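Sequence plus the predicted model coming up.
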Amino acid sequence: MTSASTASKASARNLLQSLPYPLALLVLRALNSKSAPERHHSAYYLAECTLKLAAAARVGVWLERAGILGDSEDKPATFDKDIARRLEALVLPSAGHWCEILREVSRNLAERKDAALVPLAPETRELSRSPSTWTAIRAFAERAIAEECIPPDASRQSLRRGVLGFFDIVVAYRNEVIGHGAQRSNAFYDALGELLLAAACEALSSPALF
């Protein structure tokens, strides 16, 4: 086991106590599954579930602020109709839909006049920032580009967009490797699974997510 591998696994274990249970369970599966494909797929599902949970939290806040959730009779049911149309995709959403919903609902919450008082709204700007200390997401993207799993130009642009950019990369990767790709070798799953787990944990370290 390389020192980089040991460090990435230690980082994943350090997150366990602070993660919501479904995400912590996926971290454990990504670390402890017996086969390389199982570890790889668990790492992917960790990234996907993080995206869905982050988006769903913001959708809940948006619905509450729009007067759609809650039992108060004096809430004005005024809301952005464009966002409402986007949320129709939740009937049968793809990973790409979740990405779009996270981005657009976050933006909408941040643009409210009372944004400073709205849960998750003040963190919106941080979702698109890439800390200089982040290296795991870049390492995953570069290896995925080398394996022709994601398009180079779009991925390099995504690397400059923080957590939101990471999720864009995950969607592109999913479409090629999980959705339509043929079975890969154990060596592929072993290497990319480890890199994806480290990248997902790096994104999860962002306080802007939850």
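Alright, I've got the coordinates. Numbers count the residues shown, from 1 in each chain.

name the element the residue positioned nearest the centre of the chain belongs to?
Using CA atoms, centre = their mean, the residue of the chain that lies closest to the mean C-alpha position is Leu51, 3.3 Å off. Using DSSP states H and E, Leu51 falls within helix 36-65.

what helices or strands is that helix leaning on?
Other helices and strands packing on helix 36-65, by 3 or more CB pairs under 8 Å, 6 or more residues apart in numbering; DSSP states H and E, are helix 21-32, helix 95-110, helix 162-173, helix 186-204. Every C-beta, even on glycine, is put in place using the N, C-alpha and C of the backbone.

Buried residues of the helix or strand bottoming out on mean pLDDT in the chain, list them for me.
Each helix and strand of the chain was given a mean pLDDT (mean pLDDT, DSSP states H and E); the minimum falls on helix 3-15 at a mean of 79. For helix 3-15, a neighbour-count test (16 or more other CB atoms under 10 Å) marks 8-9, 11-12, 15 as buried.

list the helices and strands it packs on?
With contacts defined as 3+ CB pairs under 8 Å, 6+ apart, helix 3-15 has these neighbours: helix 21-32, helix 186-204.

Give me the contact list for that helix.
Helix 3-15 is touched from outside by 24, 27, 30-31, 136, 194, 197-198, 201-202, 204-205, with contacts defined as CB atoms under 8 Å, 6 or more residues apart in numbering.

Tell me the gap between that helix and the middle of its chain.
With CA atoms, centre = their mean, to the nearest Å as the basis, helix 3-15 stands 19 Å off its chain's centre.
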